[in-house]
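Undergrad: Pasting a predicted model and its sequence here:
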Amino acid sequence: MKLTQQLHRVNFPKLCIALLLGTTVLSCQKELHFDAEPKKEHNLILKFKPVVQYDSVPLELGKTYTNYFKEPYTPTAFKFYIHNFEMINTDSGRTFKLANDKYYLVDFADSASTEIKISIFPYVYNRISFTIGVDSADNVSGAQADALDPAHGMFWTWNTGYIMAKLEGTSPRSPQAGKFEYHIGGFTAAESVIKKVELLFPYAQNLDLKPGQESLMYITCDANDWFYNPWDIKISQTPVVTTPGQLAMQVAENYKKMFTVDSVFNQQ
């Protein structure tokens, strides 16, 4: 009996240590194998690229280009509002619309603003649509914050609202001291320049969004489209458009077609 008690006294501390080590190992294994993977805040990155000449030439602010009418021009500002993103699959007829209808100001003088990160329901899509401009309700709500902050230089007054898109710069063809300014706005039914566009993807390319992975889409924006088709906007004849009305609506009809989905990359 005494021998058994002595053995118990000797082995009990070792047994406790062994049990403690075993519990620690099991705990570590549980953490390694059963921790959930962190969820991504977004799974689609849109990158907007300024171009000219049918998307063939990258545009840089401060450099000179030529429009459809052979007019040289040097852009110094190129920016626009977009929101209301929708992803579309025309084969199944399914459409996914963002729950958070946030406004984004794409400003090619600010590279950070040209990359937009959004979360989309995982699925296969072959078209994207979005709205250019600011909806009428937000135009009559006064100056706002974030992308709609007046500090961005895209707000007129409470009754004329926001500038939906802006292209300005210099040109030797301009009779306005060599400058041109296209500040396009107007939100009432009679003067609205708010445009919704729907873009096809390049041939044989789909956006294949998978859970936990990211996809990347490049969208080009052709500044030359501001000047031509369906309306002729010549710098020599119309160097300034800075109020709502017929001319603003014509320019908006032109730049509505400036977007092209250049390429799509799905994470493997």
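TA: All right, it came through fine.
Undergrad: give me the low-pLDDT residue ranges for the stretch 51-200 of the chain?
TA: Across the stretch 51-200 of the chain, the ranges flagged by pLDDT under 70 are 142-143, 158.
Undergrad: was I right about residue 249 contacting residue 188?
TA: No. Between residue 249 and residue 188 there is no contact under Cβ atoms under 8 Å: 11.1 Å. All C-beta spots, glycine's among them, are computed from the backbone N, C-alpha and C.
Undergrad: Settle it for me: which of the two has more neighbours?
TA: It is residue 249, of residue 249 and residue 188, that has more neighbours when counted by other Cβ atoms under 10 Å, with 19 against 12.
Undergrad: Disregarding residues adjacent in the polypeptide, which is nearest to that one?
TA: Nearest non-adjacent residue to residue 249, counting by Cβ to Cβ, 6 or more residues apart in numbering: residue 193, 5.7 Å away.
Undergrad: what do you get for residue 229?
TA: Spatial nearest neighbour of residue 229, excluding adjacent residues (Cβ to Cβ, 6+ apart): residue 254 at 6.5 Å.
Undergrad: and what of residue 211?
TA: Residue 211 sits nearest to residue 122 (Cβ to Cβ, 6+ apart), 5.1 Å away.
Undergrad: Now do that neighbour: how many residues are near it, please.
TA: Counted with other Cβ under 10 Å, the neighbours of residue 122 add up to 14.
Undergrad: For it, what are phi and psi?
TA: phi -60, psi 120 (degrees, to the nearest 10).
Undergrad: Next one: it from residue 86, what distance?
TA: Plainly put, residue 122 is 16 Å away from residue 86 if you go by Cβ to Cβ, to the nearest Å.
Undergrad: before we move on, what about residue 261?
TA: For residue 261, the distance to residue 86 equals 14 Å [Cβ to Cβ].
Undergrad: can you check residue 166 too?
TA: Plainly put, residue 166 is 25 Å away from residue 86 if you go by Cβ to Cβ.
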